[in-house]
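Chemist: I need the structure of the sequence given here:
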Amino acid sequence: MDLTKLSNKQIQLIEHMKKGGYSETYISKVNNEINKLLVYGKKYENYLEYYEKFINPKCNLKNQRHKIGLLTLIMNFDLYDELPSRNHHKHKLIDNSNYHKLNSYYKSIIEYYEKTAIKMDKKTTTIHNEAFNCSCFLFYCQNKGYDTLKKIDEKTIINFFTDDKEQLKFSNSYVKNIRIVLKTSSIYFQECQKVVELLPKIKYFRKNIDYLTKEEINEIKNVLNNKSSNVCLRDKAIVSLLLYTGLRSCDIVNLKLSNIDWNNEIINIIQTKTDVPLEIPLTISVGNALFEYITKERPKVDFDNVFIRIDTNYPITKSSNEVAVRKVFKEARIRQNNKKRKGTHIFRYNLATSLLKNEIPQPIISQVLGHTSQTSLNFYLSADFYHLKQCSLDIEQFENINEAYHD
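Modeler: Below you'll find the model as predicted:
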């Protein structure tokens, strides 16, 4: 490895971590790891080889993960100019996918799917998830002695999806991902179609939505409008965005000052999940909450991100949004039961069902929520109780109905 760049920029990394609020202990460990690398790392081809040679096989799992964390941070800084920010690193030291363990035949199946999926303009994360799940399945087949899928039997396939008690251990989406990869590759590898037909059919299941009630929404609004509440301006602005725009948590994390068009009262973003542009109105409630936070509480930092952590002066993560929601709920004295849902996505359900209740056409609702497919709205329809009640049947025609309910 050429570690010249790391040697020259070591001080820059350490100073950056000090300003970022990292503990002295952690900074010291990073610094010591760099010093070891500069002495011993030059004779290894890459960071992974260095890790594999230097890690003690008897080292416990916790220490192994700690070592991986240190080297991942240093590797991303050295090779990709990525300064640590407490977010997930773009490049991993160890790829936990089974793809690299597959023989050339099985690798070809995955590669054919990936090339086809790219041509279909599938999102990178979708391609990765589908290929990841299928690689696990193919690696299992390989370990069972099947170098190809041509002679694999139904029992081997079913055994992958069931535990010792013959209960299914994977979800519908997991099986669906495997099916998509194999069906796509069956154009070139015809034996894949046979496996597709033998895959178990798992019923699609989702829990009922724990929706926000009208009373809860009013209590949330009271907290947001109360200037003497114990909730900080940043958390109020975050919850205002969730409540009035239905933005995803990841899009709030990545929201930039440059995304806000104050003159035209519009917020323009590129959605993190879909990479599709989204334009949403900057309403009075959201605009006031953002303006107050930016002018009165937001730290003066070089980052363009709207929301900044007070303790580190770095952009927030999705967990910061979760904390903000919990604080508002606590202040509003709602959803303190552990069984009650407290996540950020519940606000998207609320916006979708509110628009449906007000007879807004579904294509417009999909546009407001930033869905790339109108079918994505189908899941939200299960919480549209206003219209679901209109589908209910009159039970007065049934005899002795009161007695049945009494029993």
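Chemist: so what's the residue nearest the centre of the chain closest to, chain neighbours aside?
Modeler: Centroid-nearest residue in the chain: residue 250, 7.5 Å away (criterion: C-alpha atoms, centre = their mean). Closest residue to residue 250 apart from its sequence neighbours, by C-beta to C-beta, 6 or more residues apart in numbering: residue 272 at 4.2 Å. (Each C-beta comes from the backbone N, C-alpha and C, glycine too.)
Chemist: quick one, phi/psi of the one you found?
Modeler: Residue 272 adopts backbone torsions of phi -60, psi -40, taken as degrees, to the nearest 10.
Chemist: neighbours around it, how many?
Modeler: Residue 272 has 14 neighbouring residues, counting by other C-beta atoms under 10 Å.
Chemist: again with the one 10 residues further on
Modeler: Neighbours of residue 282 under the rule other C-beta under 10 Å: 19.
Chemist: contact partners for the residue nearest to the centre of the chain?
Modeler: 272, 273, 318 (C-beta atoms under 8 Å, 6 or more residues apart in numbering).
Chemist: residue 150 now?
Modeler: Taking C-beta under 8 Å, 6+ apart as the test, what residue 150 contacts is residue 191.
Chemist: low-confidence bits of the stretch 301-407 of the chain, can you list those?
Modeler: 356-362, 364-365, 371-407 (pLDDT under 70).
Chemist: follow-up on the earlier one: okay but the residue nearest to residue 250 is in contact with residue 248, surely?
Modeler: Yes. When contacts are counted by C-beta atoms under 8 Å, residue 272 is listed as touching residue 248 (7.0 Å).
Chemist: residue 246 reaches residue 352, doesn't it?
Modeler: Yes. Taking C-beta under 8 Å as the definition, residue 246 is a contact partner of residue 352 at 7.1 Å.
Chemist: show me whatever sits in contact with both of the two.
Modeler: Joint contacts of residue 246 and residue 352 (C-beta under 8 Å, 6+ apart) are residue 369.
Chemist: which one of the two is surrounded by more residues?
Modeler: Between residue 246 and residue 352, counting by other C-beta under 10 Å, residue 352 is the more crowded of the two (27 against 22).
Chemist: wait, a helix at that one?
Modeler: Yes. Using DSSP: H, G, I helix; E, B strand; the rest coil, the assignment for residue 352 is a helix.
Chemist: what about the strands in this structure?
Modeler: 260-261, 266-270, 277-281 (DSSP state E).
Chemist: got a list of what residue 304 touches?
Modeler: Taking C-beta under 8 Å, 6+ apart as the test, what residue 304 contacts is 256, 257, 258.
Chemist: tell me how far the second one lies from residue 43.
Modeler: In this structure, residue 257 and residue 43 are 46 Å apart, going by C-beta to C-beta, to the nearest Å.
Chemist: settle it for me: which of these two has more neighbours?
Modeler: residue 257 (12 against 9).
Chemist: list just the nearest of the contacts of residue 304 to residue 169.
Modeler: Proximity of these to residue 169 (C-beta to C-beta) peaks at residue 256, which lies at 42.0 Å.
Chemist: tell me the phi and psi of the closest residue to the closest one other than its chain neighbours?
Modeler: Among residues not flanking residue 256 along the chain, residue 304 sits closest, at 4.5 Å (C-beta to C-beta, 6+ apart). The phi and psi torsions at residue 304 (degrees, to the nearest 10) take the values phi -90, psi -10.
Chemist: measure residue 304 to residue 298 for me?
Modeler: Distance from residue 304 to residue 298, by C-beta to C-beta: 12 Å.
Chemist: next one: residue 225
Modeler: 20 Å.
Chemist: out of those two, which sits in the busier spot?
Modeler: Per other C-beta under 10 Å, whichever of residue 225 and residue 298 has more neighbours is residue 298, with 19 against 13.
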